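Chemist: pasted the sequence and its predicted model underneath.
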Amino acid sequence: MEGDVGNLRFLKTASVRSGLGDQASMRHVGSRPEWIAHAGSRSSRSSISPTSGARRGFRGVIVMIALIYCVLGCFVWLSRGEVLTRPLEERFKRAGYSDVSRAKGMIVLGGGYERLLEAKRVAREFRHLSLLVSGASRVDQEYCGREFHDFRMQIDSRPLNTHQNAYYARAVLEPRSGEQWLLVTSATHMPRAVGAFRQVGFSVLPWPVFDLNTVGRPPGVVAAYEWLGLGWYWLLGRTSAVFPAPIDNIR
């Protein structure tokens with residue numbers, strides 16, 4: 001009998017422990033309930049292994065090393081600006097003399113004194129060209145008022161980006177089929193500008209300006225901005241190609 005009682009106590013204790021092991025308790029962390037499995041439960045024993053923490057730590061170290069290499073690589077590339085700027089600046093050559101002679105006019109993208117200075121030089125040599133300054137800032141407008149008063153010129157201050165430069169230029173000029181217009185902008189900006197103009201159906205002749213040393217920013221930073229801009233315009237459908245090429249290369 002005493003042995004039976006002992007066995008009964010043992011069975012009750014085992015059943016209680018077994019019940020606790022098969023259940024889970026809930027506690028509140030802030031305002032959200034969080035289920036915490038007991039160490040004796042089957043689910044906790046199967047999901048936790050002694051090496052899981054070490055594996056997570058090893059993966060974290062690998063990710064950290066990769067990030068450090070990426071940061072260092074970007075720093076090196078940005079510090080060596082020519083690695084990023086050269087493909088942009090060399091993508092488009094200036095239009096030939098005969099092409100400019102047959103051109104209807106010239107579009108100058110605002111945002112740089114050197115662009116306006118080059119446009120003035122070209123306009124003096126090719127007097128037949130009409131001019132459009134697109135995206136002109138207040139400083140650009142003042143300069144044009146002083147230096148371009150004897151040229152046929154239109155100033156459009158509405159565009160705020162390259163896409164709007166192309167869109168509004170086409171709306172203002174209404175180019176006919178076969179007409180050629182010269183596009184004046186920075187050499188690093190030319191690929192994105194040409195792609196934006198082509199995307200709105202406006203074929204232009206490139207006239208890049210090599211003003212990288214006058215913009216007041218490191219060349220690598222300027223180039224990185226343009227590369228990111230090319231990718232962004234491609235995603236938005238605002239450019240004719242990821243990296244627009246001269247017409248001869250396309251053919």
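Modeler: Noted; the coordinates are in hand. Numbering: from 1, shown residues only.
Chemist: quick check: closest non-adjacent residue to Q141.
Modeler: Excluding the flanking residues, the one nearest Q141 by Cβ to Cβ, 6 or more residues apart in numbering is I155, at 5.9 Å. Bear in mind the C-beta positions are built from the backbone N, C-alpha and C, glycine included.
Chemist: dump the residue contacts of that neighbour.
Modeler: Shown in contact with I155 (Cβ atoms under 8 Å, 6 or more residues apart in numbering): 132-133, 136, 140-141, 144.
Chemist: need the max-distance pair from those residues.
Modeler: Within these, two members stand farthest from each other by Cβ to Cβ: L132 and Q141, at 13.0 Å.
Chemist: who has more neighbours, the two?
Modeler: Comparing L132 with Q141 by other Cβ atoms under 10 Å, the one with more neighbours is L132, at 21 against 14.
Chemist: now that one: which helix or strand?
Modeler: strand 130-134 (DSSP states H and E).
Chemist: and the next helix or strand past that strand?
Modeler: Counting by DSSP H and E, the element after strand 130-134 in chain order, helix or strand, is helix 138-147.
Chemist: tell me the buried residues in that following helix?
Modeler: 140, 143-144 (16 or more other Cβ atoms under 10 Å).
Chemist: just name the closest of those residues to A119, please.
Modeler: Taking Cβ to Cβ as the measure, A119 lies nearest C144 of the buried residues of helix 138-147, at 9.3 Å.
Chemist: from A241, how far out is that closest one?
Modeler: Distance, C144 to A241, by Cβ to Cβ, to the nearest Å: 32 Å.
Chemist: what's the end-to-end length of stretch 94-104?
Modeler: Using Cα to Cα, to the nearest Å, one end of stretch 94-104 lies 16 Å from the other.
Chemist: ok now that stretch, how far from the chain's centre?
Modeler: 32 Å (Cα atoms, centre = their mean, to the nearest Å).
Chemist: in it, what's buried?
Modeler: Buried positions in stretch 94-104, judged by neighbour count with 16+ other Cβ under 10 Å: 94-95, 100, 103.
Chemist: tell me the mean pLDDT for it?
Modeler: For stretch 94-104, mean pLDDT rounds to 94.
Chemist: could you export stretch 110-124 as CSV, CA atoms only?
Modeler: C-alpha atoms of stretch 110-124 as CSV (Å, rounded to 0.1, in the frame of the first residue of the first chain):
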residue,chain,number,x,y,z
GLY,A,110,21.5,76.3,-66.9
GLY,A,111,23.5,75.6,-63.8
GLY,A,112,27.0,76.5,-64.8
TYR,A,113,28.9,79.7,-65.7
GLU,A,114,31.3,77.8,-68.0
ARG,A,115,28.3,76.5,-70.0
LEU,A,116,27.1,80.0,-70.7
LEU,A,117,30.6,81.2,-71.4
GLU,A,118,31.0,78.5,-74.0
ALA,A,119,27.6,79.1,-75.5
LYS,A,120,28.5,82.8,-76.0
ARG,A,121,31.7,81.8,-77.7
VAL,A,122,29.9,79.4,-80.1
ALA,A,123,27.1,81.9,-80.7
ARG,A,124,29.6,84.6,-81.8
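Chemist: how far off centre is it?
Modeler: 27 Å.
Chemist: buried ones in that stretch?
Modeler: 110-112, 114-116, 118-120, 122-123.
Chemist: Y168: which of these is nearest?
Modeler: For these, with Y168 as the reference and Cβ to Cβ as the criterion, the closest is G110, at 11.7 Å.
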